[in-house]
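Asks: dropping the sequence and predicted coords here.
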Amino acid sequence: MRIERVSLRVLSIGILLILGGSSAFLSLVAGSHFREAALGSQIKSLSRVIEVAGGEVIKSLRSQVVSVGFSLQKRDEFRDSLQQLAEEGGRKRLLDVLDDPFITGFVGVADVELVKLRVFDLELQQLAESRRGSADLTQGLPPFLYTRAKPRSGADRLKAVGGLWVSPIGPLYSVLVPVGGLRVKGYLELVVQPNFNLPRVAEIIQMPLEIFNMSGTPIYQSHGSGREQFEWLPVEYVMMSDNGEPAFRLVAMENVEELNAEMYDTQLRTTFGFLSLTLASLLLALWLFNRFLFRPVENMMGQIERCTRGDLDTQIEGRSLKEFHALAKAFNGMTKKLRDSIKELQKLSSLDGLTGIANRRQFDAALENEWKRSLRGGEYEVSLILLDIDYFKQFNDTYGHQSGDDCLKRVAAALQQATQRPADLVARYGGEEFVVLLPATGTQGALNLAAQIQNEVAKLRIRHSSSDVSTCISVSLGITTLTPTAETPPFLLIGEADEALYYAKERGRNRVELSEKLRNGGASQQHG
């Protein structure tokens, strides 16, 4: 039979019958495979759910222990007893302080089960441990915790570090918190029993749960977790410790009968709905598509094709059904928004979202361009000022992040006020750090601008009661000047300015310092 003699109606009905018969056959054949696949997928999904819930519980436990640790080390009696450790009776006073949370407790201890409190010096050598708590722990930090804490330096030593580990008496969780604030004098280790917090996993996953240690001893069994053959599907997850050993085995129970019933009902409803929708849609499409769809779509596709080739000014004509008119209107609106968005993105991609000044991306590009321009135009000097708001973290902690954001905006505005030349670039380098790029500017010019920046920031008079150098917001500034050469990479300028900024912080903050290469012939400036 010649194809041109077959009508669209006959062809469509034939396709409809083939699709309907194929769908019915495939639904029957695929039923058993669907249930097996769904069961396997459910097991994997539930195991992942247990993993995520366990991770959340351990994360919450860490936050609680860190809070308890910082609260304890801030207590005057703890710091005094640690400072007087070498004096007569000092060791007993320290031990009494360490034993106190086990006896009387304080805020936060009720949320964790303390096993031991231990004090270490800066070299992580144990100085003392609580007499209360477990007596079976080995001396010294857990090896994994020692390995993490020992190499740290600088600001990293101010951070708490911890993890889950397997001890001779079973899995424990340890957190090491610094003692002494910004001038670390030692460390306090809090050892807690995670068994106390792990049952929260059952609350999160809303399923019967059993928890075992790796020797098979039950630790926790939620209500309704009793196993009955052919009724419960156990889903297991082994929680690993930070020292690489398995710590706990968590077993959740899924009701197999309910799961099978849900899968069968879902399969039945899906199959029936699919067949019904297919039949109805194809019958309706057979009558409507040719008259109201095929021809209008063909016209629209031609216009859309022009848009895909980059002609975003193309407008689709909506001379058809109401929906086609709405589609044409929406598409035309979309292309207009796309044109506007492209223009806006080109602008926003170079600006910091909070302060409105240049972002790091624009700064990096400007530095690269300025470097190349200097090489082409006679290798003139390029200076860079890298500055940091003093004690900004303490400002955030004292006044809140909203005030911190307002502070960043005002400091950015002050930098722009101080920097008047069109060729100069003020950018937010990251966090509370800002950078000023000064093309064709020597060291003295950069020093003059740095002093002006300090004055503009001081005029803001933003109260900062947590600062150790001023009652108001202040800044530390590092300056370097280089003459670009083909052998010198642009990031060397940033590295030298960063070193100068670090030197300014070391010397007390609220000051201007030159890079190491310039210090012999330069000077530093402290803002009074």
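Replies: Everything's here; your move.
Asks: the helices in the protein, which residues?
Replies: Secondary structure of the chain (DSSP state H): helices at 8-74, 76-83, 90-103, 143-149, 200-205, 256-289, 295-308, 322-348, 360-376, 392-399, 401-418, 443-460, 491-506, 516-519.
Asks: isn't G186 right next to V179, touching?
Replies: Yes - judged on Cβ atoms under 8 Å, G186 makes contact with V179 at a distance of 4.7 Å. C-beta here means a position set from N, CA and C on the backbone, and glycine is covered the same way.
Asks: which residue is nearest the centroid of this protein?
Replies: Closest residue to the average C-alpha location of the chain: K59 at 13.9 Å, with Cα atoms, centre = their mean.
Asks: tell me the contacts of that residue?
Replies: Not one residue lies near K59 by Cβ atoms under 8 Å, 6 or more residues apart in numbering.
Asks: that one and V65, how far apart?
Replies: Using Cβ to Cβ, to the nearest Å, K59 is found at 11 Å from V65.
Asks: next one: T488
Replies: T488 is 49 Å from V65, by Cβ to Cβ.
Asks: cool, and V469?
Replies: Applying Cβ to Cβ to V469 and V65 gives a distance of 33 Å.
Asks: okay, these two: which has more neighbours?
Replies: Applying other Cβ atoms under 10 Å to V469 and V65 shows that V65 carries more neighbours, namely 25 against 15.
Asks: so that one is in contact with V191, correct?
Replies: No - V65 lies out of contact with V191 (Cβ under 8 Å); the separation is 9.1 Å.
Asks: shared neighbours, the two?
Replies: With Cβ under 8 Å, 6+ apart, V65 and V191 have common neighbours Y173.
Asks: which residues of the stretch 301-450 of the chain score low on pLDDT?
Replies: Within the stretch 301-450 of the chain, the stretches with pLDDT under 70 are 318-320, 324, 344, 346-348.
Asks: now E487: phi and psi?
Replies: Dihedral pair for E487: phi -90, psi -10, per degrees, to the nearest 10.
Asks: again, but for N243
Replies: phi -90, psi 20.
Asks: not counting sequence-adjacent ones, nearest residue to it?
Replies: Excluding its sequence neighbours, the residue lying closest to N243 (Cβ to Cβ, 6 or more residues apart in numbering) is F144, at 4.0 Å.
Asks: compare G186 and V179 (neighbour count), which wins?
Replies: When neighbours are counted by other Cβ under 10 Å, G186 and V179 differ, and V179 comes out ahead with 22 against 18.
Asks: tell me, how many residues neighbour the spatially closest residue to E189 that is not a sequence neighbour?
Replies: Taking Cβ to Cβ, 6+ apart, and ignoring the residues beside it in sequence, E189 has R118 as its nearest neighbour in space, at 4.4 Å. Neighbours of R118 under the rule other Cβ under 10 Å: 22.
Asks: wait, R118 touches A128, no?
Replies: Yes - counting by Cβ under 8 Å, R118 does reach A128; the two are 7.1 Å apart.
Asks: where does pLDDT dip in the stretch 51-200 of the chain?
Replies: 105-109.
Asks: how is the protein divided into domains?
Replies: Domain ranges of the chain: 8-291, 360-526, per automatic domain parsing.
Asks: pipe those domains into JSON lines and attach distance to I316 per row.
Replies: Converted to JSON lines, the domains of the chain look like this (distance: least, Cβ to Cβ, whole Å):
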{"stretch": "domain 8-291", "distance to I316": "19"}
{"stretch": "domain 360-526", "distance to I316": "36"}
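Asks: so which of these is the most packed in?
Replies: domain 360-526 (a mean of 18; mean count of other Cβ atoms under 10 Å).
Asks: so what sits against both of K59 and V65?
Replies: By Cβ under 8 Å, 6+ apart, K59 and V65 have no common neighbours.
Asks: among the helices of the chain, which is nearest G478?
Replies: helix 491-506 (3.0 Å; Cβ to Cβ).
Asks: just the CA trace of the closest one, in PDB.
Replies: Extracted in PDB, the C-alpha atoms of helix 491-506 (Å, rounded to 0.1, in the frame of the first residue of the first chain):
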ATOM      1  CA  PHE A 491      49.800  38.100  42.300                       C
ATOM      2  CA  LEU A 492      53.200  39.000  43.800                       C
ATOM      3  CA  LEU A 493      51.700  42.400  44.500                       C
ATOM      4  CA  ILE A 494      48.900  40.900  46.500                       C
ATOM      5  CA  GLY A 495      51.200  38.600  48.400                       C
ATOM      6  CA  GLU A 496      53.500  41.500  49.500                       C
ATOM      7  CA  ALA A 497      50.500  43.600  50.500                       C
ATOM      8  CA  ASP A 498      49.100  40.700  52.500                       C
ATOM      9  CA  GLU A 499      52.400  40.300  54.300                       C
ATOM     10  CA  ALA A 500      52.400  44.000  55.100                       C
ATOM     11  CA  LEU A 501      48.900  43.800  56.400                       C
ATOM     12  CA  TYR A 502      49.800  40.800  58.600                       C
ATOM     13  CA  TYR A 503      52.800  42.800  59.900                       C
ATOM     14  CA  ALA A 504      50.500  45.700  60.700                       C
ATOM     15  CA  LYS A 505      48.300  43.300  62.800                       C
ATOM     16  CA  GLU A 506      51.300  41.900  64.500                       C
END
